[in-house]
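1. The following comprises the amino acid sequence and a computationally predicted model.
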Amino acid sequence: IGAKGSKSLKKDQLDVLNGLIESDDVSLTTKASFWVAFKMLENTEFEKKWLLENETIFPKQVRDLLKIRSGFIGLIGRVIRRENLTYGEAKEGMECVLNSAEPEYLKGAFLEALRLKRETFDENLGFLETLWKTSQRVVTETPTLIDIADNYDGFNRSVCYTPFLACALSAAGYPTLIHGSKTAAPKFGWTSHQILKKANFE
């Protein structure tokens, strides 16, 4: 789901959604994700009518995201209302995301709401500061190190040359580091990890 993407659901899809939201087999994170999307994206007439008639089927803790004004939930509610966070609040929010004690559905709601609102420079700076402080880093005396990151959106529109480019740069005398994720949802394009695994690199 993106701010400029399409979330529109047809009537038959909304009927299916009823059963999914009420099902114990569907994760609370997924239910929260749907609820945040309904609250933040423009709804069609079918969606407005469905939400008006069925919002109470969403779990109470999801519906309470706009009612509680303190703590992590308070930050989530503010973002859902499209309020920008300060640098300090952004750091606090990312610390909650990294905290294993926080429920996953809250983390999902926070990150999705930020994506739909669009992050400000101060918010991104706060996130970066928190991630930098909590990351494990290796100090090297290499005078030059080229760091290449894969796209994290999973695009599969072009060939992933990252591992081959890193080898070419290294052969030319430029130490190169590549990093990314094992898979990249939602489009699931090729990642460097998958290519290296196919080549039997562990």
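-> In hand now; what should we look at?

2. Only C-alpha atoms from now on, for both contacts and neighbour counts.
-> Noted.

3. quick check, distance from the helix or strand hosting residue 88 to the centre of its chain.
-> Assigned by DSSP states H and E, residue 88 falls within helix 87-98. Counting by CA atoms, centre = their mean, to the nearest Å, helix 87-98 is centred 14 Å from the centre of its parent chain.

4. what about it, average pLDDT?
-> What helix 87-98 shows for mean pLDDT is 97.

5. Residues in contact with it: which ones?
-> Outside of helix 87-98, the residues within contact range by CA atoms under 8 Å, 6 or more residues apart in numbering are 72, 75, 102, 107, 110, 122-127, 129-131.

6. Now, these that are in helices?
-> 72, 75, 107, 110, 122-127, 129-131 (DSSP state H).

7. Which pair of these spans the longest distance?
-> Within the ones in helices among the contacts of helix 87-98, 107 and 122 form the most distant pair, 19.4 Å apart (CA to CA).

8. Now do the buried residues in stretch 65-78.
-> 65-66, 68, 72-78 (16 or more other CA atoms under 10 Å).

9. show me what contacts residue 49?
-> Counting by CA under 8 Å, 6+ apart, residue 49 has no contacts.

10. quick revisit: who wins on neighbours among the ones in helices among the contacts of helix 87-98?
-> residue 110 (27 neighbours; other CA atoms under 10 Å).

11. Correct me if wrong: that residue contacts residue 82.
-> No - if you go by CA atoms under 8 Å, residue 110 and residue 82 don't touch, sitting 11.6 Å apart.

12. can you give me the strands in the protein?
-> For the chain, the strands defined by DSSP state E occupy 146-149, 176-179.

13. by contact count, what packs against the first one?
-> Think strand 146-149. With contacts taken as 3 or more CA pairs under 8 Å, 6 or more residues apart in numbering; DSSP states H and E, strand 146-149 sits against strand 176-179.

14. repeat for the last one
-> Counting contacts by 3+ CA pairs under 8 Å, 6+ apart, strand 176-179 is packed against strand 146-149, helix 162-171.

15. which of the ones you listed is buried the deepest?
-> helix 162-171 (a mean of 15; mean count of other CA atoms under 10 Å).

16. tell me the average confidence for it?
-> For helix 162-171, mean pLDDT rounds to 94.

17. That one: how far from the chain's middle?
-> The answer for helix 162-171 is 29 Å, by CA atoms, centre = their mean.

18. do the same with stretch 126-146
-> 21 Å.

19. now do stretch 76-96
-> The answer for stretch 76-96 is 14 Å, by CA atoms, centre = their mean.

20. cool, and stretch 26-45?
-> 14 Å.

21. same deal with stretch 68-81?
-> Chain-centre distance of stretch 68-81: 17 Å, with CA atoms, centre = their mean.

22. Likewise for stretch 35-52?
-> Distance of stretch 35-52 from the chain centroid (CA atoms, centre = their mean) equals 21 Å.

23. No further questions, thank you.
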